[in-house]
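Peer 1: next input, structure requested:
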Amino acid sequence: MIDLTQYKELMKCKKQMKKIEKECDKQFRKEFRENPNLSSERYDELYLPYTKFKQEIYTSMLFKIFVELNPVVVEHRTGERLKFSEVFGTDFETINENVKMQIYMMAEESSVVYKFDEDLKNTKEDITVGGDFYFKEQLGFENDIFRKGQIETYGYMCGLPKKKWFSISSDEKTNFRKMFLAKSQREQARYMNENYGMNYNLNDFPDDDKTK
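Peer 2: Next up, the predicted model:
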C-alpha cells in the first residue's frame, strides 16, 4: 500500500491547502449572495489562491514522493502496467498541465485515466483500491495516453478524436453523439477499429444492447 499519511510535510501541506479552499469558499458565498449570476471568470479568480496552491505546491510534493517510490500504474485505455516515471516523467516543471492534474486526481479523487496498481491511503479513513479498472470498456471515449509527462496519444469523444470534437459546433456535437450512442457496443467497437485502428475483439461486446 502507498500510505501518504506517513509523510508529515505532505499532510501539513494538505491541511494548509484545505484552509485556503475554505477561505475561497467563504469569499465565494459572500459574493454569490450579492450577485447570484457570477461569471465563470470571476469564479476562477476567487478560487485562484486555492488552485495555484493545489497545482504548484501540493501536487509537486505528491509528484516528488511518487517519483521516489516509482510504483506501478495501470493505464485504463490499454490495461498496460507501467512504472510511474514511464508515464509521468521525473521533472515536474516540464510535464503537461493535464498530466499534472491526473497526478492530483490519482492521489485525492478517482482518476479514470491512470490508477495505482496497489491501494493508496491519503487520510486515516480514505483508501483508494488499486489494480484493474472496474469498468474497462470506453468505446469511443478512449483516454489520452501519457509518456514521460507528455500526451503521447490523444483520446476520443463519442468516437471522434478530441481535437476534432472540440472544433465542431454544438449542433454537430449533439448530432454526432446521438449517432454514436445509438450504436450497439459491438457496432461502436467495429467503428473504432475501422476508423482509428483500435484492436477490439468484436465478440467481447453485445450486438443488441444500445449504449444509454
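Peer 1: which other residues reach stretch 144-152?
Peer 2: Contacts with stretch 144-152, where a contact means CB atoms under 8 Å, 6 or more residues apart in numbering, come from 75, 77-78, 86-91, 94-96, 98-99, 102, 113-114, 153-155, 162. From N, CA and C alone the C-beta is placed, and that goes for glycine too.
Peer 1: ditto for stretch 23-38
Peer 2: Residues from elsewhere that reach stretch 23-38 (CB under 8 Å, 6+ apart): 42-43, 46-47, 49-50.
Peer 1: what's near enough to touch Tyr191?
Peer 2: Going by CB under 8 Å, 6+ apart, Tyr191 touches 140, 159, 180, 183.
Peer 1: before we move on, what about Ile168?
Peer 2: With CB under 8 Å, 6+ apart, Ile168 has these contacts: 160, 176.
Peer 1: now it: how far from Phe176?
Peer 2: From Ile168 across to Phe176, the span is 7 Å (CB to CB, to the nearest Å).
Peer 1: which residues are in contact with each of these two?
Peer 2: Leu160.
Peer 1: where in this structure is pLDDT low?
Peer 2: Across the chain, the ranges flagged by pLDDT under 70 are 137, 209-212.
Peer 1: quick one: the helices in it, in order.
Peer 2: Ranges of helices in the chain, per DSSP state H, are 8-34, 40-46, 48-52, 59-69, 84-88, 97-108, 162-165, 170-181, 185-196.
Peer 1: with distance to Phe205 added, can I get those helices in a markdown table?
Peer 2: Below are those laid out as a markdown table (distance: least, CB to CB, whole Å):
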| stretch | distance to Phe205 |
| --- | --- |
| helix 8-34 | 41 |
| helix 40-46 | 38 |
| helix 48-52 | 40 |
| helix 59-69 | 34 |
| helix 84-88 | 27 |
| helix 97-108 | 27 |
| helix 162-165 | 22 |
| helix 170-181 | 14 |
| helix 185-196 | 4 |
